[in-house]
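Colleague: Sequence isn't available, so here's the structure alone:
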């Protein structure tokens, strides 16, 4: 299934807009609600009832629950358009209790924490994550990172290699092994240690060789998605500057000089 939609080029001399969405489990309802209000204001101001948050940002970055929101704001789902912010808010209201741990009284909370620590020492997560996995597969389907309608950055942490991973549209378009299924990226960035198991999946490099990931919550090592996005943009602008410099270098051309 081809969801490919060309992204607007990042032009020289203009301001780049970045939206960062932090993690926090069920507290993802807070940024979702704020974005719902912002989206409604933008629709009214521009007289565009079908406008989406992704239409207004060059980059949307998120980690953990923020990574899930990032994907929903950017994935071409219905008529190649992403979810509305209102639909994302309803997603949290409808599914939050089944996805995220609920608050408890202080006594039961202490006892639960003790059980969680013991369970961790025995090597097993608190939840199997099946409901979350099934729900993400249902809503994101087969969209790839490179298919998103806005440039995205979603963080995770590779437990085998012991270093952070940033899945993003810009690199996914050039490096096939970074062009993962968006559903896999969402499951990985939401896999909070103790509570959910690490998520394993494979991609392929440019030669068709398998590339393996074993990932957990991006907040482990990259809890500030805005900073990660700014770092990526700085790197990308330096790359483009070098590319422009190379493109402007003198070239020898064979043929009639006239």
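Modeller: It's in. Keep in mind it's a predicted model, so treat the numbers as computed, not measured.

Colleague: Can you list the low-confidence ranges for the stretch 151-258 of the chain?
Modeller: 243-258 (pLDDT under 70).

Colleague: Leaving aside the residues adjacent along the chain, what's closest to residue 183?
Modeller: Distance criterion C-beta to C-beta, 6 or more residues apart in numbering; nearest residue to residue 183, sequence neighbours excluded, is residue 140 at 4.2 Å. In this view, the C-beta of every residue, glycine as well, is placed from N, C-alpha and C.

Colleague: should've said residue 196
Modeller: Closest to residue 196 by C-beta to C-beta, 6+ apart is residue 129, at 4.4 Å.

Colleague: Surely the one you found is in contact with residue 197?
Modeller: Yes: counting by C-beta atoms under 8 Å, residue 197 is a contact partner of residue 129 at 5.9 Å.

Colleague: which one of these two has more residues nearby?
Modeller: The neighbour count for residue 129 versus residue 197, taken as other C-beta atoms under 10 Å, is higher for residue 129 (20 against 16).

Colleague: Which neighbours do residue 129 and residue 197 have in common?
Modeller: residue 191 (C-beta atoms under 8 Å, 6 or more residues apart in numbering).

Colleague: Please name the residues that touch the residue nearest to residue 183.
Modeller: 71, 72, 75, 77, 181, 182, 183, 186.

Colleague: try 10 Å this time
Modeller: Contacts of residue 140 were listed using C-beta atoms under 10 Å, 6 or more residues apart in numbering, and they are 68, 71-72, 75, 77, 83, 181-187.

Colleague: Which ones among those residues map onto helices?
Modeller: In helices, defined here by DSSP state H, the members of those are 68, 71, 72, 182, 183, 184, 185, 186, 187.

Colleague: Figure out how far the longest helix along the chain is from the centre of its chain.
Modeller: Criterion DSSP H: the longest helix present in the chain is helix 225-247. Relative to its chain's centre, helix 225-247 lies at 19 Å (C-alpha atoms, centre = their mean, to the nearest Å).

Colleague: Ok, stretch 193-205 next?
Modeller: That offset, for stretch 193-205, works out to 14 Å (C-alpha atoms, centre = their mean).

Colleague: Show me which parts of stretch 77-96 are buried, residue by residue.
Modeller: Going by neighbour count (16 or more other C-beta atoms under 10 Å), the buried part of stretch 77-96 is 77, 81, 82, 83, 84, 85, 88, 89, 91, 92, 96.
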